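Student: Prediction below, plus the sequence it came from.
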Amino acid sequence: MLRQRAVRYLFVLLPSFLSPGLGAQEAQRPHGPPDLSPAEWRVDLRALADGLIETHLNAFHSIDRAEFDAAVERLDARVPDLSTDQMVVEFARLVAMIGDGHTRLWLTPNDENGFRQVPILLYWLEGELRVLGIDERFNEVLGGRVIGIGDRSAVEAGDLVFPLTPRDNPIGGRAIGPRYLAIPEILQAVGITESADRVTYRIETLSGETVTLTLDAVPDAAAGNLSNRPYFVPRPTDSIRIAMAHEAAGTPPLWLRDPGARFWREYLPESGTLYVQLNGIGDAEDETLAEFFGRVYAEADSLRPRRFVLDLRHNGGGNNMLNMPIVQGLIRRPWLDRPERAFVIIGRHTFSAASHLVTHLERFTNATLVGEPMSASPNHFGDNRPVRLPHSGLEARASSIYWQNSLPEPFETRDRTSPDLGAEPTLATYLENRDPALEVILAAETFMPIDETMRVAYAEAGVDGALAAYRAYRADPRFRFQNSETAINSLGYDLLGDGDAEAAVAVFRLNAEAYPESANSFDSLGDGLQAVGDRDGAIAAYRRALEIDPDFDVSRRNLEALGAAP
């Protein structure tokens, strides 16, 4: 049985420092919206709804107009019963319904909303909410697993704040959500906590002890760089010292060494790796982005590194018009622009202009993507413009441009960009100051593509060996995000051409099981079943392809050739 302990953290904000143990006086709130009448809130609600529709390029790209209007009417009816904080939160929920990450009403602490924070930094790792940073006086919970927040489990709390987050895809909500779980005004508004001044967390520490820890709200000025990122960049004016879970292991890894810098580079001679971290798409005070990458590529020409690594994990965007020198510099160096030599690290915080950069690199270069799926869609709405509310002073933002950087829209259906090689951070790698992405990159030369892996296994152990190799490959976290449908499909046809129809059918069937919503996988299965004389099975496969995609004419023609109705 786990031992439990309760800790109460109360402090008073004094003119020049923060002092614990002096009583339970609340930290002063920023300005926030004025006290408004229901009529004034209703005017702001209409201004918000109309402003989103008028400002957004296409406000109903992801939601039906009727559904949006119904949500507005429901909120209008609730206005007399909601507090100021609840109104702000419900406005953010309404904005998030539009369904893109640039259309937003931020709930992070600012003078407009009057919200504050508690001194904790939370992060989802391996499906668990972990404490990566906290006021140093409570560092015994660093790395601990958050079991509950207020009256809810950590998972329930995460689910309650998720609809408030602006997002292109669910990863965006998962990336932003932990930040909202440290803002007491939000947590009270959605029913997670009773107080808007403090938050109680139940945390299982790394030693197995369960601690109940209550943290009082502090203004943004006390520790303003707390965020949803796995690092903290202190400011000279901060009055709270935030300890980070990875600090105990000593020197941080490259990816956490200087996340506050716009861009920097380092050559690793032992592995022949030229590592570049780009944390924002913009110029620095003393050097433009183009000048920096001019230096980087000149150094690459001189060193001829075995690997070139561009790390975009912390990059939330900027000015995408500055991206081209990065892409062009790689294209102009064919010796460097090779999948085993050029690597781009992406993650849940790679967004906006940084995602434009990734999409161009993915489309026009041979670079290998490594890391986690991104929170941005390859093609997405952006360049948001303000929607100001007359009485509350709140400002929402609505996207005004659609950026189509990937394939033409009818062919591009992804809601995210996923890596070629998966390398997700884990609690162990974080606490041990290891970089899972760089580890995968340094070992990438030993990997074979899935179809080649299966061909080798087929030659050694027949079709059973090939299928076993596929399952082992897919179970490897490095390959979990790979879409292998095309490669496996090609392997099936190669086997069919080699005269081993039974093996081809097994491979086609495997592909249809792995990609059950692919019309092409079932059409290929039909071809294989025809080859082994299974007419009824082939007809069923072709019909399934047409169920998935009624316009998949290849299957329609195959059915006609078999004398069967679609």
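Tutor: Now that the structure is in, tell me what you want to look at. Remember, predicted model here, so these are calculated numbers, not experimental data.
Student: And the top helix by length along the chain, how far out from the chain middle?
Tutor: Scanning the chain for the longest helix, with DSSP state H as the assignment, gives helix 450-475. When distances are taken as CA atoms, centre = their mean, to the nearest Å, helix 450-475 is centred 31 Å away from the chain's centroid.
Student: what's it packed up against?
Tutor: helix 485-497, helix 501-514 (3 or more CB pairs under 8 Å, 6 or more residues apart in numbering; DSSP states H and E). Every C-beta, even on glycine, is put in place using the N, C-alpha and C of the backbone.
Student: Please identify the deepest-packed of these.
Tutor: helix 501-514 (a mean of 21; mean count of other CB atoms under 10 Å).
Student: Please work out the average pLDDT along that helix.
Tutor: Taken as a whole, helix 501-514 carries a mean pLDDT of 93.
Student: picking up where we left off before, of all the helices and strands packed on helix 450-475, which lies closest to Gly191?
Tutor: Smallest distance to Gly191 across these (CB to CB): 40.4 Å, for helix 501-514.
Student: Between the helices and strands packed on helix 450-475, which one is closest to Leu206.
Tutor: Here helix 501-514 is closest among the helices and strands packed on helix 450-475 (CB to CB), at 37.2 Å.
Student: So which elements touch that closest one?
Tutor: Applying 3+ CB pairs under 8 Å, 6+ apart, we find helix 501-514 packed against helix 450-475, helix 485-497, helix 519-531.
Student: ranking those by burial, who's on top?
Tutor: Comparing the helices and strands packed on helix 501-514 by mean count of other CB under 10 Å gives helix 519-531 as most buried, with a mean of 24.
Student: okay, the angle between that helix and helix 485-497?
Tutor: 10 degrees (axes from the mean of the first three to the mean of the last three CA atoms, to 10 degrees).
Student: Can you spell out which helices and strands pack onto helix 519-531?
Tutor: Using 3+ CB pairs under 8 Å, 6+ apart: helix 519-531 touches helix 485-497, helix 501-514, helix 535-548, helix 553-561.
Student: Serialize those to a markdown table and add fields for distance to Gly280.
Tutor: Formatted as a markdown table, the helices and strands packed on helix 519-531 follow (distance: least, CB to CB, whole Å):
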| stretch | distance to Gly280 |
| --- | --- |
| helix 485-497 | 35 |
| helix 501-514 | 38 |
| helix 535-548 | 42 |
| helix 553-561 | 46 |
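Student: and Phe91, which of those is closest to it?
Tutor: With CB to CB as the criterion, Phe91 lies closest to helix 535-548 of these, at 39.6 Å.
Student: Show me what that closest one is in contact with.
Tutor: With CB atoms under 8 Å, 6 or more residues apart in numbering as the test, helix 535-548 has contacts from 512, 517-520, 522-523, 525-527, 529-530, 552, 554-556, 558-559, 562, 564, 566.
Student: coming back round to it: any idea of the mean pLDDT in the longest helix of the chain?
Tutor: Helix 450-475 carries an average pLDDT of 89.
Student: looking at it, Gln277 is touching Gly260, isn't it?
Tutor: No. If you go by CB atoms under 8 Å, Gln277 and Gly260 don't touch, sitting 10.8 Å apart.
Student: The stretch 151-300 of the chain: strands as residue ranges?
Tutor: 152-153, 198-204, 210-216, 242-244, 263-268, 273-278 (DSSP state E, counting those that start in this stretch).
Student: Nearest to Arg145 among those would be which one?
Tutor: Of all the strands of the stretch 151-300 of the chain, strand 198-204 comes closest under CB to CB, at 4.7 Å.
Student: other SSEs contacting the closest one?
Tutor: Judged by 3+ CB pairs under 8 Å, 6+ apart, strand 198-204 is in contact with strand 145-149, helix 184-189, strand 210-216.
Student: can you give me the angle that strand makes with strand 210-216?
Tutor: For strand 198-204 against strand 210-216, the angle by the same axes, to 10 degrees is 160 degrees.
Student: What strands flank strand 198-204, and is each parallel or antiparallel?
Tutor: strand 145-149 (antiparallel), strand 210-216 (antiparallel) (DSSP bridges).
Student: To Ala71, which of the ones you listed lies closest?
Tutor: Of all the strands paired with strand 198-204, strand 145-149 sits nearest to Ala71, with 25.7 Å by CB to CB.
Student: Now do that closest one: everything it contacts.
Tutor: Residues outside strand 145-149 that contact it (CB under 8 Å, 6+ apart): 122, 128-131, 153-154, 157, 181, 187, 192-193, 199-204, 210.
Student: Just the CA trace of stretch 93-109, in PDB.
Tutor: What follows is stretch 93-109, C-alpha atoms only, in PDB (Å, rounded to 0.1, in the frame of the first residue of the first chain):
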ATOM      1  CA  ARG A  93     -14.700  26.800 -26.000                       C
ATOM      2  CA  LEU A  94     -16.800  28.400 -28.700                       C
ATOM      3  CA  VAL A  95     -13.800  29.700 -30.500                       C
ATOM      4  CA  ALA A  96     -12.100  26.200 -30.400                       C
ATOM      5  CA  MET A  97     -15.200  24.700 -32.100                       C
ATOM      6  CA  ILE A  98     -14.100  26.300 -35.300                       C
ATOM      7  CA  GLY A  99     -11.400  23.600 -35.500                       C
ATOM      8  CA  ASP A 100      -8.000  25.100 -36.400                       C
ATOM      9  CA  GLY A 101      -5.100  25.900 -34.200                       C
ATOM     10  CA  HIS A 102      -4.700  29.500 -35.300                       C
ATOM     11  CA  THR A 103      -8.300  30.400 -34.500                       C
ATOM     12  CA  ARG A 104      -8.100  30.900 -30.700                       C
ATOM     13  CA  LEU A 105      -8.900  32.700 -27.500                       C
ATOM     14  CA  TRP A 106      -5.900  32.000 -25.300                       C
ATOM     15  CA  LEU A 107      -6.700  31.200 -21.600                       C
ATOM     16  CA  THR A 108      -3.100  31.500 -20.500                       C
ATOM     17  CA  PRO A 109      -2.600  34.300 -17.900                       C
END
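Student: Averaged pLDDT, stretch 383-396. What do you get?
Tutor: Per-residue scores along stretch 383-396 average to 97.
Student: Would you mark the buried spots in that stretch?
Tutor: Within stretch 383-396, the residues that count as buried by 16 or more other CB atoms under 10 Å are Asn384, Val387, Leu389, His391, Ser392, Gly393, Leu394, Ala396.
Student: List the buried residues in stretch 227-243.
Tutor: Ser227, Asn228, Arg229, Pro230, Tyr231, Phe232, Asp238, Ser239, Ile240, Ile242, Ala243.
Student: Show me which pair in the residues you listed is furthest apart.
Tutor: Checked with CB to CB, those reach their widest spread between Pro230 and Ser239, with 22.9 Å between them.
Student: Can I get stretch 179-188 as PDB, trimmed to CA atoms?
Tutor: What follows is stretch 179-188, C-alpha atoms only, in PDB (Å, rounded to 0.1, in the frame of the first residue of the first chain):
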ATOM      1  CA  ARG A 179      -0.700  24.300 -19.400                       C
ATOM      2  CA  TYR A 180      -4.400  24.800 -18.800                       C
ATOM      3  CA  LEU A 181      -4.300  22.300 -15.900                       C
ATOM      4  CA  ALA A 182      -2.100  24.700 -14.000                       C
ATOM      5  CA  ILE A 183      -4.500  27.700 -14.300                       C
ATOM      6  CA  PRO A 184      -7.000  27.600 -11.300                       C
ATOM      7  CA  GLU A 185      -9.600  29.900 -13.000                       C
ATOM      8  CA  ILE A 186     -10.000  27.400 -15.800                       C
ATOM      9  CA  LEU A 187     -10.100  24.400 -13.500                       C
ATOM     10  CA  GLN A 188     -12.900  26.000 -11.400                       C
END
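Student: Deepest in the core, which of the helices and strands packed on strand 198-204 is it.
Tutor: For these, the largest average neighbour count (mean count of other CB under 10 Å) is found in helix 184-189, namely a mean of 26.
Student: For that helix, give me every contacting residue.
Tutor: 83, 85-86, 88-90, 107, 113-118, 149-150, 157, 161, 164, 180-181, 193-199, 217.
Student: just checking, Asn379 touches Tyr402?
Tutor: Yes. The pair Asn379 / Tyr402 is scored as a contact, 7.2 Å apart, by CB under 8 Å.
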